[in-house]
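**Student:** Below: sequence and its predicted model.
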Amino acid sequence: MNILLTGATGYVGSCLLGELCRRGHTVRCLARNPAKMAGIIDRLQGSGAEEAFGPFPGQVEVVVGDASSSDVLARACEGIEIAYWLVHSMDRGVDFERADRLAAEHFAAAARAAGVRRVVYLGGLGTDDDSLSAHLRSRHEVGALLRAAGLDVVEFRASIVIGAGSFSFDLVRSLVERLPVMICPAWLSTPTQPIAIDDVVAYLADAVDLPPGPPRMYEIGGPDRVSYGEIMREYARQRRLRRLLIPVPVLTPRLSSLWLALVTPRYSKMGRKLIDGLKNPTVVNDTAALRDFAIRPRSLAVAVEAAKINEDTFFEGRRWADIADAEELPRRYGGRFEGPRLVDHRHATINTSPERAFAAIERIGGAHGWYGHDWLWQLRGWMDRAIGGPGMARGRRDPDRLAGGDVLDCWRVEVCDPPRRLRLAAEMKLPGRGWLEFEIVPRDPLPQEGGRVTIHQTAVFDPHGLGGLAYWYAIWPLHEFVFAGMLAGICGHATAERTEGQ
């Protein structure tokens with residue numbers, strides 16, 4: 001079936017793309033950023049779906065353009081049977097309501113002109129009245145515009161989506177991870193009905209098979225009707241974090257949004273608009289979805305556990321080379337956040353072959369050392385031994401070669417894929433989990449030099465609570481010396497002339 005997926009680079013859209021491909025559909029994606037779309041397709045290609053349904057490039061077509069353009073939408077809708085409208089403008093400007101309204105009107109006209117058989121739309125739960133926040137009011141307005149266009153519209157309304165990458169869930173997680181004591185405004189007791197991302201995707205994908213009919217609206221949610229505070233407590237329980245929530249009725253959503261900007265500044269732009277909507281109950285009042293679909297959504301506890309597992313799986317397959325472009329911005333103290341993890345990423349391009357670059361990386365540790373500042377590594381090892389860790393005395397099995405599962409001083413080899421990737425997991429005593437990863441990306445060949453490669457070196461830390469964050473920021477100045485020296489040393493050894501016996 002020919003399907004148009006708008007918002008394919010968003011969280012729900014990217015998850016839905018994988019499911020549609022697994023079901024054998026041909027999907028046309030509308031995206032403003034083709035590079036980001038290419039990265040999503042690359043990750044999906046490693047998911048195993050192509051083994052069942054053929055390679056993704058044969059299933060996915062990318063139309064580059066903005067969803068607010070009538071011409072782009074007309075081109076995207078040509079020959080389409082089912083179209084998903086997953087576009088919103090809340091992160092792009094102040095007047096997002098007007099932007100969403102105009103985009104929806106242009107899309108409805110293009111879909112009707114192209115003879116699109118069905119439109120599937122994901123909106124937000126909430127009772128239609130004057131108390132709705134601007135965010136939820138806009139979501140409802142878009143659904144009404146699509147239905148008024150005379151299309152076969154299947155609209156789903158959901159509350160907070162629980163999944164690794166969901167903005168709302170990431171916001172909850174960031175607050176729990178960073179604040180051992182939380183002053184809780186009244187809106188944290190607002191009832192909501194969270195739903196797992198896999199269940200949202202299943203509903204959206206199954207909408208393709210519904211029989212023809214008039215516009216329909218389904219309220220979807222998990223079986224648990226809880227407050228936002230209870231979602232925080234469940235996440236804290238599964239992370240084994242002790243958190244004290246103190247209710248304070250005087251904190252309005254506006255004051256809370258200012259507080260949010262101080263605690264989690266990366267979420268302040270969209271978080272203020274979302275918090276304004278937390279005063280509105282978002283629960284399921286119509287159970288038609290349980291009647292018309294065979295899906296039985298999972299509980300909050302299961303959804304949170306699945307989000308944590310999916311997050312680990314995503315990071316295991318993450319290719320850090322694709323964040324290099326973002327480093328054109330000034331480096332920040334402490335690195336950058338990727339979800340709940342802190343990342344120190346560095347890279348350098350040198351004239352050598354991938355094999356020689358990887359050989360230099362593969363000799364790291366043991367008697368050879370860590371390419372500079374070895375005394376700091378030894379000091380860290382002594383400190384680790386003092387608190388019951390393995391320290392740096394374990395060495396390595398082979399002086400020149402590594403394999404998955406090998407011990408390497410205070411690390412263990414998780415992935416060794418010559419000449420592309422080496423991933424080490426920290427086994428020292430840490431207030432969290434740590435990894436050190438190297439990737440080699442070949443560049444345009446230079447025959448006189450034998451080639452050119454970029455070495456990407458990435459330290460990743462998953463902090464456990466406030467203590468983990470304090471640890472990472474405290475040792476950041478040492479990272480600036482140790483990791484910079486390590487990368488420089490690897491590059492120097494990789495480009496050095498071969499010596500006899502090397």
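**Tutor:** In hand now; what should we look at?

**Student:** May I have the beta-bridge partners of the nearest residue to Pro34 once chain neighbours are set aside?
**Tutor:** Among residues not flanking Pro34 along the chain, Val64 sits closest, at 5.0 Å (C-beta to C-beta, 6 or more residues apart in numbering). In this view, the C-beta of every residue, glycine as well, is placed from N, C-alpha and C. Beta-bridge pairing for Val64 (DSSP bridges): Ala31.

**Student:** Quick check: the gap between Val64 and Lys36.
**Tutor:** The spacing between Val64 and Lys36, counted by C-beta to C-beta, to the nearest Å, is 11 Å.

**Student:** Over to Phe156?
**Tutor:** 25 Å.

**Student:** Look at those two and report which has more neighbours.
**Tutor:** Set Phe156 next to Lys36 and count neighbours by other C-beta atoms under 10 Å: Phe156 wins out with 22 against 14.

**Student:** how about the nearest residue to Ala393, chain neighbours excluded?
**Tutor:** Going by C-beta to C-beta, 6+ apart, Ala393 has Gly381 as its nearest residue, at 6.8 Å.

**Student:** Which pLDDT value belongs to the one you found?
**Tutor:** Gly381 carries a pLDDT value of 88.

**Student:** now swap in Gly165 and tell me
**Tutor:** On the pLDDT scale, Gly165 gets 81.

**Student:** Surely it touches Gly339?
**Tutor:** Yes: if you go by C-beta atoms under 8 Å, Gly165 and Gly339 touch, sitting 7.1 Å apart.

**Student:** Common neighbours of these two, please.
**Tutor:** By C-beta atoms under 8 Å, 6 or more residues apart in numbering, Gly165 and Gly339 have these common neighbours: Glu311.

**Student:** contacting residues around the closest residue to Arg101 other than its chain neighbours?
**Tutor:** Leaving aside its sequence neighbours, Arg101 sits nearest to Glu141 (C-beta to C-beta, 6+ apart; 6.3 Å). Contact analysis of Glu141 by C-beta under 8 Å, 6+ apart lists Glu97, Asp100, Arg101, Ala104.

**Student:** With Thr9 instead?
**Tutor:** Ala31, Arg32, Asn33, Lys36, Met37, Ile40.

**Student:** likewise Pro223?
**Tutor:** Pro297, Arg298, Ser299.

**Student:** count of neighbours near the last one?
**Tutor:** I take that to be Ser299. 14.

**Student:** right, and it touches Gly222 too?
**Tutor:** Yes: here Ser299 reaches Gly222: they are 6.2 Å apart, a contact under C-beta under 8 Å.

**Student:** show me where pLDDT drops low in the stretch 251-400 of the chain?
**Tutor:** 251-278, 317-319, 321-331 (pLDDT under 70).

**Student:** could you pull out the strands for it?
**Tutor:** For the stretch 251-400 of the chain, the strands defined by DSSP state E, counting those that start in this stretch occupy 336-338, 341-350.

**Student:** Next, format the ones you listed as a markdown table and append distance to Arg173 and mean neighbour count.
**Tutor:** Below are the strands of the stretch 251-400 of the chain laid out as a markdown table (distance: least, C-beta to C-beta, whole Å; neighbours: other C-beta atoms under 10 Å):
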| stretch | distance to Arg173 | mean neighbour count |
| --- | --- | --- |
| strand 336-338 | 11 | 16 |
| strand 341-350 | 11 | 19 |
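
**Student:** Take those and lay them out in JSON lines including distance to Asp209.
**Tutor:** Putting the strands of the stretch 251-400 of the chain into JSON lines (distance: least, C-beta to C-beta, whole Å) gives the following:
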{"stretch": "strand 336-338", "distance to Asp209": "36"}
{"stretch": "strand 341-350", "distance to Asp209": "38"}
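
**Student:** Quick one: closest of these to Leu20.
**Tutor:** Each of these has some distance to Leu20 by C-beta to C-beta; the shortest is strand 336-338, at 26.0 Å.

**Student:** what mean pLDDT does the one helix or strand Val415 maps to have?
**Tutor:** For Val415, the host element (DSSP states H and E) is strand 411-417. Mean per-residue pLDDT for strand 411-417: 93.

**Student:** before we move on, back to that, what's the residue nearest to Ala393 in contact with, if anything?
**Tutor:** Gly381 neighbours (C-beta under 8 Å, 6+ apart): Gly391, Met392, Ala393, Asp409, Cys410, Met428.

**Student:** Kindly reformat the contacts of Glu141 as a markdown table containing distance to Ile197 and pLDDT.
**Tutor:** As requested, those are exported to a markdown table (distance: C-beta to C-beta, whole Å; pLDDT from 0 to 100):
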| residue | distance to Ile197 | pLDDT |
| --- | --- | --- |
| Glu97 | 26 | 83 |
| Asp100 | 22 | 89 |
| Arg101 | 27 | 90 |
| Ala104 | 24 | 92 |
